[in-house]
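Novice: Sequence and predicted structure below; questions after.
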Amino acid sequence: MENFRKVKTSEEDSPLPFPDLPPGVVEMKVKEGSKIRNLMGFAMARMELKGTRQIVFSGCGRAVTKTITCVEIMKRKLGGLHQVTKVRYKTLLEVWENKDPQPDGRVENLTVHKNVPSICILLSKDPLDPSEMGYQPPEPRDGLWAEKGGIEEDRLSSCSQGVKRPLAPPH
(Lines give C-alpha, C1' and ligand atoms only; values in the text may rest on other atoms or scores of the structure.)
Protein backbone atom coordinates (compact mmCIF):
# COMPACT_ATOMS: atom_id res chain seq x y z
CA MET A 1 0.00 0.00 0.00
CA GLU A 2 3.01 2.33 0.15
CA ASN A 3 2.51 3.15 -3.55
CA PHE A 4 -1.08 4.28 -2.90
CA ARG A 5 -2.56 7.32 -1.17
CA LYS A 6 -6.10 7.67 0.13
CA VAL A 7 -8.08 10.22 -1.88
CA LYS A 8 -11.63 9.76 -0.60
CA THR A 9 -13.57 8.16 2.26
CA SER A 10 -17.35 7.92 2.36
CA GLU A 11 -19.82 5.97 4.43
CA GLU A 12 -22.94 4.27 3.19
CA ASP A 13 -26.12 5.94 4.36
CA SER A 14 -28.12 3.74 6.68
CA PRO A 15 -31.33 4.55 8.51
CA LEU A 16 -31.32 5.09 12.26
CA PRO A 17 -31.99 1.83 14.13
CA PHE A 18 -34.85 3.36 16.15
CA PRO A 19 -38.36 2.86 14.76
CA ASP A 20 -41.11 5.36 15.56
CA LEU A 21 -38.86 8.42 15.94
CA PRO A 22 -40.77 11.67 15.55
CA PRO A 23 -40.05 13.63 12.37
CA GLY A 24 -37.31 16.20 12.74
CA VAL A 25 -35.59 14.49 15.68
CA VAL A 26 -32.17 16.02 16.35
CA GLU A 27 -29.38 13.77 15.07
CA MET A 28 -25.81 14.49 16.15
CA LYS A 29 -23.34 12.81 13.78
CA VAL A 30 -20.08 12.68 15.71
CA LYS A 31 -16.91 12.52 13.61
CA GLU A 32 -13.35 11.73 14.68
CA GLY A 33 -12.32 15.40 14.38
CA SER A 34 -15.44 16.86 16.01
CA LYS A 35 -14.87 19.10 19.03
CA ILE A 36 -16.86 17.97 22.07
CA ARG A 37 -17.42 21.59 23.14
CA ASN A 38 -19.07 22.41 19.80
CA LEU A 39 -21.19 19.26 19.78
CA MET A 40 -22.39 19.79 23.34
CA GLY A 41 -23.13 23.48 22.84
CA PHE A 42 -25.46 22.71 19.94
CA ALA A 43 -27.01 19.57 21.49
CA MET A 44 -27.68 21.21 24.88
CA ALA A 45 -29.28 24.24 23.23
CA ARG A 46 -31.57 22.01 21.19
CA MET A 47 -32.54 19.78 24.14
CA GLU A 48 -33.43 22.83 26.24
CA LEU A 49 -36.03 23.93 23.66
CA LYS A 50 -39.59 23.15 24.77
CA GLY A 51 -40.53 21.04 21.72
CA THR A 52 -37.43 18.82 21.72
CA ARG A 53 -37.99 15.55 23.57
CA GLN A 54 -35.37 13.27 21.97
CA ILE A 55 -31.89 13.42 20.49
CA VAL A 56 -29.77 10.77 18.73
CA PHE A 57 -25.97 10.65 18.85
CA SER A 58 -24.21 8.47 16.28
CA GLY A 59 -20.58 7.79 15.47
CA CYS A 60 -18.47 5.12 13.83
CA GLY A 61 -14.88 3.93 13.93
CA ARG A 62 -12.65 6.12 16.08
CA ALA A 63 -15.57 8.46 16.84
CA VAL A 64 -17.38 5.84 18.97
CA THR A 65 -15.67 6.87 22.23
CA LYS A 66 -16.32 10.57 21.56
CA THR A 67 -20.00 9.74 20.91
CA ILE A 68 -20.27 7.96 24.27
CA THR A 69 -18.53 10.87 26.02
CA CYS A 70 -21.05 13.35 24.61
CA VAL A 71 -23.97 11.19 25.76
CA GLU A 72 -22.58 10.83 29.28
CA ILE A 73 -22.00 14.59 29.57
CA MET A 74 -25.58 15.28 28.48
CA LYS A 75 -26.99 12.72 30.93
CA ARG A 76 -25.06 14.33 33.81
CA LYS A 77 -26.06 17.89 32.89
CA LEU A 78 -29.75 17.33 32.13
CA GLY A 79 -30.56 14.28 34.26
CA GLY A 80 -33.68 12.14 33.97
CA LEU A 81 -32.91 10.97 30.41
CA HIS A 82 -33.89 7.50 29.21
CA GLN A 83 -31.35 5.84 26.91
CA VAL A 84 -31.36 3.14 24.23
CA THR A 85 -28.04 2.08 22.72
CA LYS A 86 -27.62 0.18 19.46
CA VAL A 87 -24.27 -1.17 18.26
CA ARG A 88 -23.79 -2.26 14.66
CA TYR A 89 -21.33 -2.19 11.77
CA LYS A 90 -21.17 0.40 9.00
CA THR A 91 -19.46 0.05 5.65
CA LEU A 92 -16.91 2.70 4.72
CA LEU A 93 -15.75 3.07 1.13
CA GLU A 94 -12.15 4.19 0.70
CA VAL A 95 -10.72 5.16 -2.68
CA TRP A 96 -6.95 4.83 -2.99
CA GLU A 97 -4.97 6.23 -5.93
CA ASN A 98 -1.70 4.78 -7.22
CA LYS A 99 1.13 7.31 -6.82
CA ASP A 100 2.94 5.88 -9.84
CA PRO A 101 0.84 6.36 -13.01
CA GLN A 102 0.77 3.63 -15.64
CA PRO A 103 3.13 3.98 -18.64
CA ASP A 104 0.15 5.06 -20.77
CA GLY A 105 -0.67 7.87 -18.25
CA ARG A 106 -3.69 6.15 -16.67
CA VAL A 107 -4.10 6.49 -12.91
CA GLU A 108 -5.00 3.25 -11.19
CA ASN A 109 -7.59 3.45 -8.36
CA LEU A 110 -8.36 0.88 -5.70
CA THR A 111 -11.68 0.82 -3.79
CA VAL A 112 -11.72 -0.78 -0.34
CA HIS A 113 -14.87 -1.67 1.60
CA LYS A 114 -14.26 -1.53 5.37
CA ASN A 115 -16.66 -2.67 8.08
CA VAL A 116 -16.22 -0.49 11.16
CA PRO A 117 -18.08 -0.55 14.49
CA SER A 118 -20.81 2.05 14.85
CA ILE A 119 -22.96 3.21 17.76
CA CYS A 120 -26.31 5.01 17.87
CA ILE A 121 -27.63 6.29 21.20
CA LEU A 122 -31.14 7.66 21.67
CA LEU A 123 -31.70 9.96 24.64
CA SER A 124 -35.28 10.80 25.57
CA LYS A 125 -37.00 12.97 28.16
CA ASP A 126 -40.02 10.67 27.81
CA PRO A 127 -40.02 7.06 29.07
CA LEU A 128 -38.93 4.42 26.54
CA ASP A 129 -39.73 0.70 26.36
CA PRO A 130 -37.68 -0.91 29.17
CA SER A 131 -37.86 -4.33 27.46
CA GLU A 132 -35.99 -3.01 24.40
CA MET A 133 -32.45 -4.35 24.00
CA GLY A 134 -29.93 -1.67 25.06
CA TYR A 135 -32.31 0.27 27.34
CA GLN A 136 -30.92 2.16 30.35
CA PRO A 137 -33.22 3.96 32.81
CA PRO A 138 -32.34 7.44 34.06
CA GLU A 139 -29.75 7.65 36.82
CA PRO A 140 -31.30 8.11 40.27
CA ARG A 141 -30.68 11.62 41.58
CA ASP A 142 -29.20 10.24 44.82
CA GLY A 143 -26.53 8.34 42.88
CA LEU A 144 -22.84 9.01 42.53
CA TRP A 145 -23.20 12.58 41.27
CA ALA A 146 -25.77 13.83 43.80
CA GLU A 147 -25.27 17.39 44.96
CA LYS A 148 -27.13 17.22 48.26
CA GLY A 149 -25.49 17.01 51.69
CA GLY A 150 -25.21 13.82 53.66
CA ILE A 151 -22.94 11.70 55.80
CA GLU A 152 -20.60 10.87 52.90
CA GLU A 153 -20.26 14.51 51.90
CA ASP A 154 -19.56 15.57 55.52
CA ARG A 155 -16.88 12.90 55.81
CA LEU A 156 -15.24 13.95 52.54
CA SER A 157 -15.31 17.65 53.38
CA SER A 158 -13.60 17.07 56.72
CA CYS A 159 -10.84 15.12 54.93
CA SER A 160 -10.39 17.79 52.28
CA GLN A 161 -9.52 20.43 54.89
CA GLY A 162 -6.34 18.55 55.58
CA VAL A 163 -4.08 18.45 58.58
CA LYS A 164 -1.02 20.67 58.95
CA ARG A 165 2.11 18.72 59.61
CA PRO A 166 5.52 20.12 60.41
CA LEU A 167 8.16 19.90 57.71
CA ALA A 168 10.79 17.24 58.17
CA PRO A 169 14.11 18.64 59.41
CA PRO A 170 16.80 19.01 56.73
CA HIS A 171 19.43 16.27 56.60
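Specialist: That came through fine. Residues are numbered from 1 along each chain as shown.

Novice: part of a strand, is residue 115?
Specialist: Yes - looking at residue 115 with DSSP: H, G, I helix; E, B strand; the rest coil, it is inside a strand.

Novice: Look up the closest residue to it, ignoring the ones flanking it.
Specialist: residue 89 (4.6 Å; CB to CB, 6 or more residues apart in numbering). Yep, even glycine has a C-beta here, placed from its N, CA and C like the rest.

Novice: I'd assumed residue 120 was in contact with that neighbour.
Specialist: No - the pair formed by residue 89 and residue 120 falls short of the contact definition of CB atoms under 8 Å, at 11.9 Å.

Novice: Which one of those two is surrounded by more residues?
Specialist: residue 120 (21 against 12; other CB atoms under 10 Å).

Novice: Just the element for that one, please.
Specialist: According to DSSP states H and E, residue 120 maps onto strand 109-124.

Novice: Kindly report the same for residue 39.
Specialist: Counting by DSSP H and E, residue 39 is part of helix 36-47.

Novice: avg pLDDT for that helix?
Specialist: Averaging pLDDT along helix 36-47 gives 95.

Novice: who touches the next helix or strand after that helix?
Specialist: Following helix 36-47 in sequence order, the next helix or strand is strand 54-60 (DSSP H and E). Residues outside strand 54-60 that contact it (CB atoms under 8 Å, 6 or more residues apart in numbering): 11, 16, 18, 21-22, 25-31, 43, 46-47, 66-67, 70-71, 74, 90, 92, 116-126.

Novice: List buried residues within the residues you listed.
Specialist: 18, 26, 28, 30, 43, 47, 66-67, 70-71, 74, 90, 92, 118-124 (16 or more other CB atoms under 10 Å).

Novice: Which parts of this structure are helices?
Specialist: Ranges of helices in the chain, per DSSP state H, are 36-47, 64-78, 151-160.

Novice: Surely residue 130 and residue 136 touch.
Specialist: No - Residue 130 is not in contact with residue 136 according to CB under 8 Å; the separation is 9.4 Å.

Novice: These two: which is more packed in?
Specialist: Neighbour count, other CB under 10 Å: between residue 130 and residue 136, residue 136 has more, with 15 against 10.

Novice: in the protein, which segments are predicted with low confidence?
Specialist: Applying pLDDT under 70 to the chain flags residues 141-166, 171.

Novice: ok, 80 please
Specialist: 1, 101-102, 105, 141-171 (pLDDT under 80).
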